[in-house]
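S.K.: Sequence first, predicted coordinates after that:
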Amino acid sequence: MPHQTLVNISPRKYQSEIYEVCKDKNCLVVLPTGMGKTLIALMLAVNRQKAFPGSKVLFLAPTRPLAEQHHQYFKKHLPELFAQFEIFTGKISAEKRQDLWQRADIIFSTPQCIGNDLKKNLYDLSEVSLLVEDECHRCLKNYSYVYVVNKYKESGQNIRILGMTASPGADRKTIEQVAKNLSIEAIELRTRESEDVKEYLQELNFETIKIEFPKEFDEIRKLLRIILDKKIAELRNRRALFGPPSKTILLETQAKIMRAISSGNRNFNILLSASACAQAIKLHHALELLETQTLHSLYDYFQTLFDQAKKDMSKAVKNLVKQTEFNLAHIKLTELLARKVEHPKLLETKDLVEAEFKQNPKMKVIIFSQYRATVARICKELNTLAGISARVFIGQTRKETKTLGGETEIIGLTQEEQGEIINDFKLGKINVLCATSIGEEGLDIPEVNMVIFYEPVPSAIRKIQRAGRTARLMKGKLIILITKDTRDEAYYYAAINKEKKMHSAIQSMKENLEQKEQKKAEENKQKTLF
């Protein structure tokens with residue numbers, strides 16, 4: 001048994017049961033964040049190494065820090081001389097990777113790195129007896145995960161595939177595609193409510209806080225909606241928009257219009273449709289910032305649009321900022337900020353954090369928000385409170401943003417900076433992380449006492465990943481802030497429905513696979529009888 005090889009760790013009952021399935025079949029393991037997917041992969045790696053001496057295990061994760069995290073976990077929980085571990089990153093030269101591949105038993109990498117090496121024929125996957133794809137909901141379309149798994153299926157001699165995720169997708173079609181790409185033969189699903197998981201989890205106190213949308217904000221919203229309604233009507237009259245005028249549909253419409261223009265269709269109607277659509281998308285974004293984020297983030301966005309118009313960067317933007325209603329909205333917004341008025345969500349967040357830290361000064365909190373500007377604002381406000389040391393936790397992409405004073409800031413964290421912040425958070429030097437989606441997936445962020453969603457996310461995957469940051473080893477709180485009569489409400493119910501659909505789709509797929517297996521076994525039995 002693999003657990004006899006493990007150092008300083010023992011599998012829980014549900015992990016052992018899932019492992020027993022993974023041992024014999026290509027398996028998709030769906031487990032909430034922090035419920036120990038990596039230990040299942042570790043036990044399976046031990047099993048395959050013992051079953052096929054001299055073979056290799058390839059463990060893929062979507063980012064370098066995550067690959068490094070899994071590498072450290074394996075080193076920590078396996079005997080020192082059990083296997084030769086190697087981590088592949090773009091920082092190691094291709095020639096060196098080729099050499100390391102020959103010597104290594106267990107390799108940790110990003111799929112892009114392995115994919116590039118396979119394209120250059122530096123090595124093949126014939127000796128790999130186990131391929132692990134972490135965060136395998138990414139195993140779709142042309143992503144490197146798909147390329148690597150296909151190469152493995154072509155050349156592997158002793159194929160075993162393990163896909164791991166907290167959520168494989170929102171709809172059956174997507175989940176089936178992930179399962180097909182990974183040649184999945186069995187699905188193991190557990191949720192926080194599963195009987196065999198419940199006993200290991202702490203109580204999760206879940207609360208939604210509904211916040212009134214201020215009348216003064218509504219005045220700005222009405223002005224922006226007047227222009228948006230005009231643009232939507234124009235797109236319909238020009239026969240460019242047919243579906244509901246959601247941001248997603250507008251983005252799809254814009255893509256169609258741009259494809260028509262780039263293929264040579266430059267008639268007057270299509271060019272005016274392009275302008276109307278661009279303005280509608282910008283207004284949608286402005287309304288989202290107003291309804292769900294902070295007034296500062298809306299002000300910064302307005303400034304960006306004025307700058308673009310001034311520099312003659314876009315005709316659509318020039319037309320938008322000329323509108324009377326747009327300028328009136330800008331004046332009202334500036335007046336509110338001059339009076340130090342902010343979104344009530346920001347004030348609620350501040351009050352929540354302050355109250356919680358008064359009860360437990362040693363607690364840790366993560367606050368999630370969609371936008372960097374909002375995260376920066378929340379962090380700034382929280383650092384005015386006694387005993388709070390908050391830090392922004394965002395992705396690597398360097399983006400320029402305008403501050404209220406008009407200065408330009410470059411925001412973006414390198415992987416090294418992200419690592420330092422997580423380490424300081426573990427040590428307690430930082431006690432609040434204000435994070436964008438980078439804090440949702442995979443990274444080894446320590447468990448926290450409270451998770452706050454500054455706004456609901458309409459994605460089941462992201463909701464599950466965010467919520468998984470608390471109530472694993474200690475009691476936890478999950479709070480979702482919802483501004484009444486705004487898109488917050490729609491997003492909240494969308495995520496709940498998607499999660500329900502996802503679980504029922506996975507369950508029915510699991511049953512289908514089991515029925516196929518049963519039918520196959522019966523057919524084989526019949527063959528042996530005759």
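M.R.: Thanks, I have the structure now.

S.K.: so where do the strands sit in the stretch 51-200 of the chain?
M.R.: Using DSSP state E, counting those that start in this stretch, the strands of the stretch 51-200 of the chain run over 56-60, 85-88, 106-109, 128-134, 161-165, 186-189.

S.K.: mind listing what the third one pairs with, with the direction of each?
M.R.: In this case it means strand 106-109. Taking DSSP bridges as the criterion, strand 106-109 sits next to strand 56-60 (parallel), strand 85-88 (parallel) in its sheet.

S.K.: Return the most buried member of the ones you listed.
M.R.: strand 56-60 (a mean of 26; mean count of other C-beta atoms under 10 Å). The C-beta positions use only the backbone N, C-alpha and C, and glycine is treated the same way.

S.K.: could I get the strands of the stretch 51-200 of the chain as a markdown table with mean pLDDT and distance to residue 382?
M.R.: As requested, the strands of the stretch 51-200 of the chain are arranged in a markdown table below (pLDDT from 0 to 100; distance: least, C-beta to C-beta, whole Å):
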| stretch | mean pLDDT | distance to residue 382 |
| --- | --- | --- |
| strand 56-60 | 97 | 36 |
| strand 85-88 | 94 | 35 |
| strand 106-109 | 96 | 35 |
| strand 128-134 | 96 | 32 |
| strand 161-165 | 95 | 32 |
| strand 186-189 | 91 | 37 |
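
S.K.: Distance to residue 153 added to those strands, as a markdown table?
M.R.: Putting the strands of the stretch 51-200 of the chain into a markdown table (distance: least, C-beta to C-beta, whole Å) gives the following:
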| stretch | distance to residue 153 |
| --- | --- |
| strand 56-60 | 13 |
| strand 85-88 | 20 |
| strand 106-109 | 18 |
| strand 128-134 | 9 |
| strand 161-165 | 8 |
| strand 186-189 | 17 |
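
S.K.: list the buried ones in the helix or strand hosting residue 205?
M.R.: Assigned by DSSP states H and E, residue 205 belongs to strand 204-211. Neighbour-count burial for strand 204-211, counted by 16 or more other C-beta atoms under 10 Å, picks out residue 211.

S.K.: State the distance from residue 342 to residue 303.
M.R.: For residue 342, the distance to residue 303 equals 17 Å [C-beta to C-beta, to the nearest Å].

S.K.: brain fart, residue 206
M.R.: Distance of residue 206 to residue 303, computed by C-beta to C-beta: 38 Å.

S.K.: contacting residues around residue 151?
M.R.: By C-beta atoms under 8 Å, 6 or more residues apart in numbering, residue 151 lies in contact with 118, 124-125.

S.K.: Now the buried members of the residues you listed.
M.R.: Buried among those by 16+ other C-beta under 10 Å: 118, 125.

S.K.: quick one: which of the contacts of residue 151 is nearest to residue 258?
M.R.: residue 118 (34.0 Å; C-beta to C-beta).

S.K.: I figured the closest one was touching residue 147, is that so?
M.R.: Yes. Contact criterion C-beta atoms under 8 Å: residue 118 and residue 147 qualify, at 7.4 Å.

S.K.: sorry, back to before: of the contacts of residue 151, which is the nearest to residue 77?
M.R.: Nearest member of the contacts of residue 151 to residue 77, counting by C-beta to C-beta, is residue 125, at 25.0 Å.

S.K.: Look at residue 138 and report its pLDDT.
M.R.: Looking at residue 138, its pLDDT is 85.

S.K.: can you check residue 441 too?
M.R.: 58.

S.K.: same question, the one 5 residues further on
M.R.: Residue 446 is assigned a pLDDT of 68 by the prediction.

S.K.: go on, residue 385?
M.R.: Reported pLDDT for residue 385: 95.

S.K.: One more: residue 286?
M.R.: 97.

S.K.: Against residue 264, how distant is it?
M.R.: For residue 286 relative to residue 264 (C-beta to C-beta), the value is 33 Å.

S.K.: can you check residue 219 too?
M.R.: Separation of residue 219 from residue 264 (C-beta to C-beta): 44 Å.

S.K.: cool, residue 322 as well?
M.R.: Distance from residue 322 to residue 264, by C-beta to C-beta: 30 Å.

S.K.: same deal with residue 159?
M.R.: 48 Å.

S.K.: what mean pLDDT does stretch 502-515 have?
M.R.: The model assigns stretch 502-515 a mean pLDDT of 84.

S.K.: Also stretch 483-491?
M.R.: 94.

S.K.: So for it, what gets flagged as buried?
M.R.: 483, 486-489, 491.

S.K.: Endpoint to endpoint, that stretch covers what distance?
M.R.: From its first residue to its last, stretch 483-491 covers 11 Å (C-alpha to C-alpha, to the nearest Å).

S.K.: Now tell me what touches it from outside.
M.R.: With contact meaning C-beta under 8 Å, 6+ apart, stretch 483-491 is reached by 210-213, 287-288, 291-292, 343-345, 455-458, 481-482.

S.K.: what bits of the stretch 1-150 of the chain have low per-residue confidence?
M.R.: The stretch 1-150 of the chain contains residues with pLDDT under 70 at 1-4.

S.K.: Helices of that one, start to end?
M.R.: Counting by DSSP state H, counting those that start in this stretch, the segments of the stretch 1-150 of the chain that form helices are 13-24, 37-51, 64-77, 94-103, 111-119, 144-155.

S.K.: list the helices and strands the fourth one packs on?
M.R.: Helices and strands in packing contact with helix 94-103 are listed as strand 85-88, helix 111-119; criterion 3 or more C-beta pairs under 8 Å, 6 or more residues apart in numbering; DSSP states H and E.

S.K.: the inter-axis angle of that helix versus strand 56-60?
M.R.: Relative orientation of helix 94-103 versus strand 56-60 (axes from the mean of the first three to the mean of the last three C-alpha atoms, to 10 degrees): 130 degrees.

S.K.: Name the residue in residue 286 and residue 264 with the higher neighbour count.
M.R.: Neighbour count, other C-beta atoms under 10 Å: between residue 286 and residue 264, residue 286 has more, with 24 against 6.

S.K.: about what we covered before: among the contacts of residue 151, which one lies nearest to residue 102?
M.R.: Distance to residue 102 across the contacts of residue 151 (C-beta to C-beta) is lowest for residue 124, with 11.6 Å.

S.K.: Contact partners for the closest one?
M.R.: 118, 151, 155.

S.K.: at 7 Å what do you get?
M.R.: By C-beta atoms under 7 Å, 6 or more residues apart in numbering, the contact set of residue 124 is residue 155.

S.K.: Got the phi and psi for it?
M.R.: Backbone geometry at residue 124, expressed as degrees, to the nearest 10, gives phi -130, psi 180.

S.K.: returning to what we had before: out of the strands of the stretch 51-200 of the chain, which is closest to residue 371?
M.R.: Closest among the strands of the stretch 51-200 of the chain, using C-beta to C-beta: strand 161-165, at 25.2 Å.

S.K.: Could you list the residues in contact with the closest one?
M.R.: 22, 26-30, 37, 41, 44, 130-137, 139, 149, 178, 182-184.

S.K.: again, but for stretch 259-278
M.R.: By C-beta under 7 Å, 6+ apart, stretch 259-278 touches 231, 234-235, 238, 240, 250, 253-254, 257-258, 315-316, 319.

S.K.: Buried ones in it, by neighbour count?
M.R.: Residues of stretch 259-278 classed as buried by neighbour count (16+ other C-beta under 10 Å): 260, 270, 273-278.

S.K.: remind me, longest helix of the chain?
M.R.: For the chain, the helix with the greatest residue count under DSSP state H is helix 487-529.
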